[in-house]
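>>> sequence and computational prediction follow.
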Amino acid sequence: MAVLCEQVNLAGYTTLRLGGPARRFVEATTGDELIGAVRKADEAGDDVLVLGGGSNLVVADEGFPGTVVHVATRGVTVTPGEHGQVLVRAQAGEEWEPFVARCVDEGLSGVECLSGIPGRLGATPIQNVGAYGQDVSETIVEVRAYDRERGEVVTLDRDACRFSYRHSAFKGSSRHVVLEVTFALEPTDVSTPVRYAELARSLGVETGERVPLKDAREAVLALRRGKGMVLDADDPDTRSAGSFFTNPILAADQAADLAERVADRLGADAVFPRYPEADGHVKTSAAWLIDKAGFAKGHARGPVRISSKHTLALTNPGGARTEDLLGLAREVRDGVRAAFGVTLVNEPVFVGVRL
């Protein structure tokens with residue numbers, strides 16, 4: 001039976017260690033408990049927050065006035081799939097990093113570059129979690145979810161998930177509660193082709209090459225640790241929500257305007273990082289924009305700061321409130337906009353707050 005508590009401090013359930021109390025807090029350890037807790041709150045007209053690992057969450061200091069349903073379901077099954085692939089079905093409450101480690105240990109390729117990412121598995125399709133040239137939309141084949149509008153369990157295939165860069169049909173909507181995710185992985189001892197230049201350099205290979213599966217994982221973990229992106233109780237830089245801003249995707253006219261602003265600010269020969277996207281759009285680096293706008297690693301505002309290892313992470317070394325963090329985020333966003341005309345968008349989910 002799901003455990004119900006009241007006035008539970010949510011700071012203990014987020015990697016930022018920020019956030020006030022939940023009026024009601026339910027721990028759901030089975031799919032039926034998860035559905036039942038959400039359904040009961042819906043029938044009572046209560047606001048609902050479905051909480052996983054809290055690694056991509058910014059919660060108001062005032063907390064959450066409704067019911068928080070904490071997803072603690074467990075279970076992974078492996079079955080043969082089509083075209084020689086292996087289907088790996090996992091419950092939403094599985095921790096993501098141990099799941100990736102298991103896949104690598106069992107010689108299943110497709111998620112190795114997503115090593116070291118904190119949080120729970122059910123959040124990965126919502127955010128279309130990605131890193132180092134890989135994202136989950138490439139391997140997810142279906143998502144089982146509780147549809148709160150229809151009051152029933154539904155299965156969405158990859159097309160129905162409508163994946164895009166750090167986005168999906170689930171993001172920005174509370175209609176679906178993810179119950180289970182199925183991945184199609186390749187049974188092989190080598191990685192998928194290495195696409196990310198920084199990762200390729202660290203492995204000593206050209207982009208497009210494959211490497212031993214465990215080598216890819218270890219290289220990714222090393223890169224993430226160097227940026228404070230692997231949780232470590234002894235490292236205050238890891239007390240963050242990961243990358244706080246998404247990399248901007250610019251239309252052609254926006255990219256041209258940015259090029260002019262970069263030349264004006266940094267010199268005629270200066271260029272910004274650009275990666276081609278569909279329909280003539282260009283993706284650029286939020287970290288680069290933040291740095292060139294004058295916000296260096298370690299830049300502090302009161303009790304919060306930019307990570308000393310990576311400009312995309314905003315950290316809470318201790319003693320901060322959520323409003324302190326938002327003040328720093330607004331300072332960075334406004335500074336980048338003033339310098340380069342680009343408005344950065346937050347990547348974490350906001351609960352009861354806004355920039």
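Received the coordinates, thanks.

>>> what about the strands in the stretch 51-200 of the chain?
Under the criterion DSSP state E, counting those that start in this stretch, the stretch 51-200 of the chain carries strands at the ranges 57-59, 64-71, 76-80, 86-91, 108-109, 130-131, 134-135, 140-147, 152-157, 176-187.

>>> model confidence over the first one, on average?
Right, strand 57-59. For strand 57-59, the mean pLDDT works out to 97.

>>> what of the fifth one?
On average, the pLDDT along strand 108-109 is 98.

>>> got the domain ranges for the protein?
Here the domain assignment for the chain is 3-71, 76-226, 236-351, based on automatic domain parsing.

>>> turn these into TSV, including mean neighbour count.
Using the backbone N, CA and C atoms, a C-beta is placed for each residue, glycine as well. Listed next are these as TSV, based on neighbours: other C-beta atoms under 10 Å:
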stretch	mean neighbour count
domain 3-71	19
domain 76-226	19
domain 236-351	18
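
>>> and Gly122, what does it touch?
52, 71, 91-93, 178-179, 181 (C-beta atoms under 8 Å, 6 or more residues apart in numbering).

>>> just the closest of those to Gly119, please.
Nearest to Gly119 among the contacts of Gly122 is Gly52, at 5.9 Å by C-beta to C-beta.

>>> against Arg144, how distant is that closest one?
15 Å (C-beta to C-beta, to the nearest Å).

>>> how about the contacts made by the nearest residue to Arg274 once chain neighbours are set aside?
Nearest non-adjacent residue to Arg274, counting by C-beta to C-beta, 6 or more residues apart in numbering: Val282, 4.7 Å away. Shown in contact with Val282 (C-beta under 8 Å, 6+ apart): 249-250, 252, 255, 274-276.

>>> tell me the bridge partners for Val282.
Listed by DSSP bridges, the beta-bridge partners for Val282 are Leu250, Pro276.

>>> quick one: it from Asp253, how far?
Val282 is 11 Å from Asp253, by C-beta to C-beta.

>>> just Arg217 next, same as before
Note on Arg217: its distance to Asp253, by C-beta to C-beta, is 41 Å.
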